[in-house]
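Visitor: Structure for this input, please:
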Amino acid sequence: MSDRKGTAVVTGATGGVGALYAAGLAERGYDLLLAGRQQKTLDAVAKAVKQRADVKVDTLVANLAEAEDLARVEARISSDPAITALINNAGTASFGPFATLSSGALDETTAVNITALTRLTHGGRRQRRPCAGGRSAGGRHRFLEQGRTACQQSSRRRGDEAATAGGCGAEGPGSGRELGFPLAA
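Guide: Numbering: from 1, shown residues only. Alright, predicted model coming up:
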């Protein structure tokens with residue numbers, strides 16, 4: 001299968017933008033690891049993707065606000081050499097005046113939008129070793145991250161092209177314009 005581009009991990013893959021990214025990546029030849037909180041919904045997305053593209057699709061039930069679930073996803077990303085891309089689409093928000101939000105709501109938002117984003121990105125980069133030209137041994141690997149701040153900080157620091165689902169220049173799957181971070185810096 002020389003036309004395969006490796007495996008793309010898509011978090012928040014149970015619907016909306018995550019499901020669209022899964023379909024677009026599969027059509028481009030990526031096998032998929034779909035992560036989300038509900039097995040039934042993950043299975044439905046996996047089935048729809050397999051009907052459109054001849055790719056391997058695995059699912060992983062995980063709530064990234066839960067430390068054990070986050071650790072499982074991070075371990076999978078950092079240990080699987082087939083993983084070449086991460087679309088970190090999982091996210092959560094709390095609504096209402098900031099002063100009225102519960103500490104639990106703030107903890108969940110921080111866990112998913114900051115901690116998970118950082119740990120999964122780090123997990124993907126940690127196992128790849130740079131070689132000539134600054135690329136990892138497997139070639140250019142791509143990350144699409146939800147956190148706008150991570151995008152801006154990395155862009156300023158390293159001059160990378162970077163994209164976020166939150167609006168830092170990302171264009172949707174199928175646009176022909178893939179932006180991202182190489183997994184090895």
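Visitor: Only C-alpha atoms from now on, for both contacts and neighbour counts.
Guide: OK.
Visitor: and R126, what pLDDT?
Guide: Each residue has a pLDDT score; the one for R126 is 61.
Visitor: now swap in the one 3 residues further on and tell me
Guide: Note on R129: pLDDT of 42.
Visitor: Equivalent analysis for L101, please.
Guide: pLDDT, L101: 92.
Visitor: for this protein, what spans make up the helices?
Guide: 16-27, 39-52, 67-79, 103-110, 117-126, 148-158 (DSSP state H).
Visitor: could you dump the ones you listed to a markdown table with mean neighbour count and distance to L33?
Guide: Shown next, in a markdown table, are those (neighbours: other C-alpha atoms under 10 Å; distance: least, C-alpha to C-alpha, whole Å):
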| stretch | mean neighbour count | distance to L33 |
| --- | --- | --- |
| helix 16-27 | 21 | 9 |
| helix 39-52 | 17 | 9 |
| helix 67-79 | 18 | 10 |
| helix 103-110 | 14 | 23 |
| helix 117-126 | 20 | 13 |
| helix 148-158 | 14 | 23 |
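Visitor: can you tell which of the ones you listed is closest to P97?
Guide: helix 103-110 (12.0 Å; C-alpha to C-alpha).
Visitor: which residues touch the closest one?
Guide: A65, G91, T92, A93, S94 (C-alpha atoms under 8 Å, 6 or more residues apart in numbering).
Visitor: Convert the C-alpha atoms of it to CSV, please.
Guide: Provided in CSV are the C-alpha atoms of helix 103-110 (Å, rounded to 0.1, in the frame of the first residue of the first chain):
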residue,chain,number,x,y,z
SER,A,103,-14.5,25.3,39.2
GLY,A,104,-15.5,22.0,37.7
ALA,A,105,-16.5,23.7,34.4
LEU,A,106,-13.2,25.6,34.4
ASP,A,107,-11.2,22.4,35.1
GLU,A,108,-12.9,20.6,32.2
THR,A,109,-12.3,23.4,29.8
THR,A,110,-8.7,23.7,30.8
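Visitor: what angle sits between it and helix 117-126?
Guide: 30 degrees (axes from the mean of the first three to the mean of the last three C-alpha atoms, to 10 degrees).
Visitor: pretty sure G36 contacts T14?
Guide: Yes: with contact defined as C-alpha atoms under 8 Å, G36 counts as touching T14 (5.9 Å).
Visitor: hey, what's in contact with both of those two?
Guide: L42.
Visitor: For L120, give its distance to F95.
Guide: Here the distance between L120 and F95 works out to 25 Å (C-alpha to C-alpha, to the nearest Å).
Visitor: My error: substitute I77 in the last question.
Guide: Distance from I77 to F95, by C-alpha to C-alpha: 31 Å.
Visitor: quick revisit: now list the buried members of the contacts of helix 103-110.
Guide: Neighbour-count burial (16 or more other C-alpha atoms under 10 Å) is assigned, among the contacts of helix 103-110, to A65, G91.
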